[in-house]
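K.L.:
Model the following, please.
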Amino acid sequence: MAFPRKRVEINALLQLWKDRFLTHQARYGLTSEQIRQVSDDADVYNHLLTVRNQLDEDVGEFSAYFENVTDGDVNLPAADYPVITLLPLPGLLLGVKPGIIPRNKGLYNFFKNHPSRTDESLADLGISDPAPGSLTPDTLKPAISGSTMPDDRVSLVFNKQGQSAVRFQMRRAAVWTTVADPTTSPFIDATPSTGGNPEKREYRAIYLEKNQPIGQYSDIITVYTTP
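P.N.:
A predicted model of the protein is given here:
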């Protein structure tokens with residue numbers, strides 16, 4: 001498993017690292033500066049994605065204004081001139097530092113090759129992809145973790161152990177429902193919360209072979225969404 005390429009997946013990984021780096025500081029010999037840097041990288045990357053989405057919306061508003069003024073109904077007043085306001089940068093520990101992706105890609109490979117790595121610690125960092133080893137189909141069991149993101153989204157991390165995909169299920173009442181069958185980790189569940197309120201969710205996962213579940217369900221994890 002390689003460092004993710006999609007922006008939403010990179011963002012999810014950085015948010016996970018910001019939350020989990022301190023837990024793994026001793027095992028991987030992480031410095032205080034590395035922990036502060038990944039916190040800044042996570043905040044800056046999420047901010048830049050937010051601003052980019054905002055600018056995309058602003059371009060749409062300007063295009064509508066352009067069409068209104070150049071080809072609109074001559075009997076109607078002009079629309080309000082669009083105002084573009086960039087969100088300010090978040091407060092940072094070290095300041096903006098170029099190279100977020102190559103810097104964290106290097107950390108990703110550092111973790112994968114570290115002599116003190118374990119399958120559990122790698123899975124907790126959204127990295128693990130251990131070899132099947134002597135596991136049999138009946139004993140295969142995913143290791144999963146989850147962290148909340150804005151807008152009800154939940155970042156779900158899993159290890160593959162040589163399998164092609166997992167099936168995530170979610171429970172927020174009494175019934176388990178299938179969310180998705182992702183092939184890459186982390187997976188972002190964008191299921192909206194009921195009534196737009198924070199809610200308690202439980203997740204579990206099981207490996208798939210030819211679209212059929214194999215092995216055992218993972219341990220159940222609990223997260224609380226942030227609308």
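
K.L.:
what ranges of this protein fall below the confidence cut-off?
P.N.:
1, 128-137 (pLDDT under 70).

K.L.:
would you list every one of the strands in it?
P.N.:
Under the criterion DSSP state E, the chain carries strands at the ranges 144-148, 154-158, 165-171, 177-180, 187-189, 200-209, 212-214, 221-224.

K.L.:
Which one, of these, ends up nearest to G99?
P.N.:
Comparison of these against G99 by C-beta to C-beta identifies strand 154-158 as nearest, at 22.9 Å. For the C-beta atoms, the positions are set from N, CA and C on the backbone; glycine is no exception.

K.L.:
Between strand 200-209 and that closest one, find me the angle.
P.N.:
Inter-element angle recorded for strand 154-158 and strand 200-209: 40 degrees (by axes from the mean of the first three to the mean of the last three C-alpha atoms, to 10 degrees).

K.L.:
ranking the strands of the chain by burial, who's on top?
P.N.:
Stretch with highest mean neighbour count among the strands of the chain: strand 154-158 (a mean of 25; mean count of other C-beta atoms under 10 Å).

K.L.:
Adjacent strands (with direction) for it?
P.N.:
Paired neighbours of strand 154-158 in the sheet (DSSP bridges): strand 144-148 (antiparallel), strand 187-189 (antiparallel).

K.L.:
For those, please prepare JSON lines with the additional fields distance to V51.
P.N.:
Output for these, formatted as JSON lines (distance: least, C-beta to C-beta, whole Å):
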{"stretch": "strand 144-148", "distance to V51": "21"}
{"stretch": "strand 187-189", "distance to V51": "19"}
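
K.L.:
circling back to that earlier point, distance to E57 added to the strands of the chain, as TSV?
P.N.:
Conversion of the strands of the chain to TSV gives the following (distance: least, C-beta to C-beta, whole Å):
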stretch	distance to E57
strand 144-148	24
strand 154-158	24
strand 165-171	30
strand 177-180	27
strand 187-189	21
strand 200-209	29
strand 212-214	41
strand 221-224	29
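
K.L.:
quick revisit: nearest to Q34, of the strands paired with strand 154-158?
P.N.:
Nearest to Q34 among the strands paired with strand 154-158 is strand 144-148; the distance by C-beta to C-beta comes to 19.2 Å.

K.L.:
picking up where we left off before, which among the strands of the chain is found nearest to P102?
P.N.:
Proximity to P102 (C-beta to C-beta) singles out strand 154-158 among the strands of the chain, at 21.8 Å.

K.L.:
Quick one, which of the strands of the chain gets closest to A78.
P.N.:
Using C-beta to C-beta, the nearest of the strands of the chain to A78 is strand 187-189, at 40.5 Å.

K.L.:
Tell me the backbone dihedrals of the residue of the chain most remote from its centre, please.
P.N.:
What lies farthest from the middle of the chain is N75; by C-alpha atoms, centre = their mean that is 49.1 Å. Dihedral angles of N75 (phi, psi; degrees, to the nearest 10) stand at phi -90, psi 0.

K.L.:
Then the one 10 residues further on?
P.N.:
Here is the backbone geometry of T85 (degrees, to the nearest 10): phi -130, psi 120.

K.L.:
ok, it to L48 distance?
P.N.:
According to C-beta to C-beta, to the nearest Å, T85 and L48 sit 16 Å apart.

K.L.:
The two: which has the busier surroundings?
P.N.:
For T85 versus L48, neighbours defined as other C-beta atoms under 10 Å are more numerous around L48 (16 against 7).

K.L.:
I188 versus that one, what's the distance?
P.N.:
L48 sits 17 Å away from I188, going by C-beta to C-beta.
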